[in-house]
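A.B. asks: got a predicted model here, sequence first, then my questions.
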Amino acid sequence: MVPDRLQVKADYFAHYIGWLDADPGAYDREKSYRLLADFWRGGSIAFVDLLLYFRRHHDVGECVYLDHDIHWDVKGRTAAVRAVVPVLEAMLSESVGAGAPLRSARRLPPRDTRWGLYLLAGLGLVQAGLFVVTGAQSWGWLPLAGAALVAVNLILVKRPFFPYDRILSAFSSDGFHWRREPGIRLDVGGLQRSCQVYSPCAVAAEGGWRMFYRGGGYDSRIFSAFSTDGLTWREELGERVGLGGGNARVDFPVVVPCGQGQWRMYYAATDGERWRIFCRESTDLLHWEGERIAIDMGAAADYPDAMDPTVIDVEGGWRMIFNASGTAGYCFYTAFSRDGADWQSPVPCRGLAADGAKLRNPSFFRLANGKLYLYFSEYAGSIVGSRIACAAAVDDGVKWQRQEGGGLSSGGPWGEHGVFCPAITPVPGGWRMYYGGYWGRHWCEWLTLYHHRRRARASDP
């Protein structure tokens, strides 16, 4: 969708409305965009909205239009190309809608393709150099043999070189016993060129579901994707929560409805020193405003970092459980709020610890009978082999009782080495759990396992 100057430049819009002697409040500059976006999104039609990109350039003083003209200048054309090309690349590589099991299973992530080509070119240069220096000696053909193996992997085998986290799903008819669903719900690469994707949270939206997740590079941000069936997802352009305001990373989104068409997102962000939990509000699930701190454990606390929030409505208000960490290790804390904005002092949860296991990524889940459960990931020592466990509330969310036999163990082609960050959404016939899975078979697997097991041994007291 191509915006007009009036929609991009607020000052130009104000000047034009003033020239007409009209009331600025009577005009909605974005209404046409919302109507078109809803229409195309309802029909699962991919589109590129240039308004956000052009406004970013305008906000930093870069004009994208010619003076006194509706046509783009060089910066405008460049911005349009940078917005459109990733969409076309993702569609051509089938990274949008990666829920198709067979196609996503046979696609190399972009980073692996790029490094495979680098390796192929490097081995070719080495082979050429050896041929010049040594002639046609038999051992001098080793680089060529290596290049052939790399080419076979790029074209046929398609095993990644590097480890990746991906978003997967499982289905349950009773909310307790889970069956893995084939395929990848959201893969790395894609529109956001993500190197890792996890921390999913899916909510019902008009025409389907919208998922919020951690994506991007290692300076992670929160993005969204849309699905009409809960299995095949299309990434949406733009960031739902980006960097800025001192935040070096944002992660772990959870979205809850708070009445009268309002939504509230809780998420964790770090300034490079400590993690804190923030919240924002939205009416359309796309634009999130009014950032405020929800939980700050304090720099002097035994558990100064607060992350992994999960929130649910309870009698009289809202209940949050989050993961706190520090020199004392990991611990689940809970807090209560009457309005979902101002939270009482957190207290530790009870009944969840099990034989020194480290707990992460809590996620509330309520059955149709009102019974409250908590799903979370846990591992002993190394994160290799992480599983998703389950507990039932004993009282108001402070005390819990573990439920043996529920949850999900590591396994499957993309969750072979661990599963984590569960998020459960009601769907027709039962519930769907979206979760992160890592790493699966990759050429550097031995190095990945060695690194994480060594780090676990170093962190143990």
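C.D. replies: Received, thanks. Just so it is clear, the model here is predicted, and its values are computed rather than measured.
A.B. asks: where in the stretch 251-400 of the chain is pLDDT low?
C.D. replies: For the stretch 251-400 of the chain, residues meeting the criterion pLDDT under 70 lie at 299-300.
A.B. asks: in it, which spans are strands?
C.D. replies: Counting by DSSP state E, counting those that start in this stretch, one finds strands in the stretch 251-400 of the chain at the ranges 263-270, 275-282, 289-295, 305-314, 317-326, 329-337, 347-348, 358-366, 372-379, 387-393, 400-402.
A.B. asks: same question for the stretch 101-250 of the chain.
C.D. replies: Using DSSP E, counting those that start in this stretch, strands in the stretch 101-250 of the chain cover 165-172, 179-180, 198-205, 208-215, 221-227, 234-235, 249-257.
A.B. asks: now do the same contact list for the nearest residue to residue 289 once chain neighbours are set aside.
C.D. replies: What sits nearest to residue 289 in space, not counting adjacent residues and going by Cβ to Cβ, 6 or more residues apart in numbering, is residue 280, at 6.1 Å. (Glycine included, C-beta is placed from N, CA and C.) Residue 280 makes contact with 241, 264, 265, 267, 288, 289, 290, 291, 292, according to Cβ atoms under 8 Å, 6 or more residues apart in numbering.
A.B. asks: so how far is residue 309 from the closest residue to the last one other than its chain neighbours?
C.D. replies: Looking back up the chat, that one is residue 292. Nearest residue to residue 292, sequence neighbours excluded (Cβ to Cβ, 6+ apart): residue 279, at 6.0 Å. For residue 279, the distance to residue 309 equals 9 Å [Cβ to Cβ, to the nearest Å].
A.B. asks: identify the bridge partners of the residue nearest to residue 292.
C.D. replies: Taking DSSP bridges as the rule, residue 279 bridges to residue 266, residue 292.
A.B. asks: my read: it touches residue 268, true?
C.D. replies: No - if you go by Cβ atoms under 8 Å, residue 279 and residue 268 don't touch, sitting 10.7 Å apart.
A.B. asks: ok, these two, which is more surrounded?
C.D. replies: Higher neighbour count among residue 279 and residue 268: residue 268, with 26 against 23, using other Cβ atoms under 10 Å.
A.B. asks: with adjacent residues omitted, what lies nearest to that one?
C.D. replies: Nearest to residue 268 is residue 307, by Cβ to Cβ, 6+ apart, at 3.8 Å.
A.B. asks: wait, doesn't that neighbour sit right on residue 275?
C.D. replies: Yes - at 4.5 Å, residue 307 and residue 275 qualify as touching, with contact defined as Cβ under 8 Å.
A.B. asks: what residues do these two have in common as contacts?
C.D. replies: Common neighbours of residue 307 and residue 275 (Cβ under 8 Å, 6+ apart) are 268, 325.
A.B. asks: would you mind measuring from residue 361 to residue 420?
C.D. replies: Residue 361 is 5 Å from residue 420, by Cβ to Cβ.
A.B. asks: can you list residues touching both of those two?
C.D. replies: Joint contacts of residue 361 and residue 420 (Cβ under 8 Å, 6+ apart) are residue 377.
A.B. asks: separate out the buried members of the contacts of residue 280.
C.D. replies: Those of the contacts of residue 280 that meet the buried threshold are 241, 264, 265, 267, 288, 291, by 16 or more other Cβ atoms under 10 Å.
A.B. asks: hmm, which two among these are most spread apart?
C.D. replies: 241 and 264 (12.5 Å; Cβ to Cβ).
A.B. asks: circling back to that earlier point, distance to residue 175 for the strands of the stretch 251-400 of the chain - can I get that in a markdown table?
C.D. replies: A markdown table is the format used below for the strands of the stretch 251-400 of the chain (distance: least, Cβ to Cβ, whole Å):
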| stretch | distance to residue 175 |
| --- | --- |
| strand 263-270 | 23 |
| strand 275-282 | 26 |
| strand 289-295 | 27 |
| strand 305-314 | 14 |
| strand 317-326 | 18 |
| strand 329-337 | 20 |
| strand 347-348 | 26 |
| strand 358-366 | 7 |
| strand 372-379 | 7 |
| strand 387-393 | 9 |
| strand 400-402 | 16 |
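A.B. asks: how about the ones you listed, which one is nearest residue 216?
C.D. replies: Nearest to residue 216, of all the strands of the stretch 251-400 of the chain, is strand 263-270, at 13.4 Å by Cβ to Cβ.
A.B. asks: about what we covered before: can I get the buried ones among the contacts of residue 280 in CSV with distance to residue 450?
C.D. replies: Converted to CSV, those look like this (distance: Cβ to Cβ, whole Å):
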residue, distance to residue 450
241, 35
264, 42
265, 37
267, 32
288, 40
291, 40
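A.B. asks: ramachandran angles for the residue lying closest to residue 429 once chain neighbours are set aside?
C.D. replies: Take residue 429 and drop its neighbours on the chain: the residue closest to it by Cβ to Cβ, 6+ apart is residue 173, 6.4 Å away. Phi and psi for residue 173, reported as degrees, to the nearest 10, are phi -90, psi -20.
A.B. asks: in contact with residue 380, which residues?
C.D. replies: Counting by Cβ under 8 Å, 6+ apart, residue 380 has contacts 355, 356, 357, 358.
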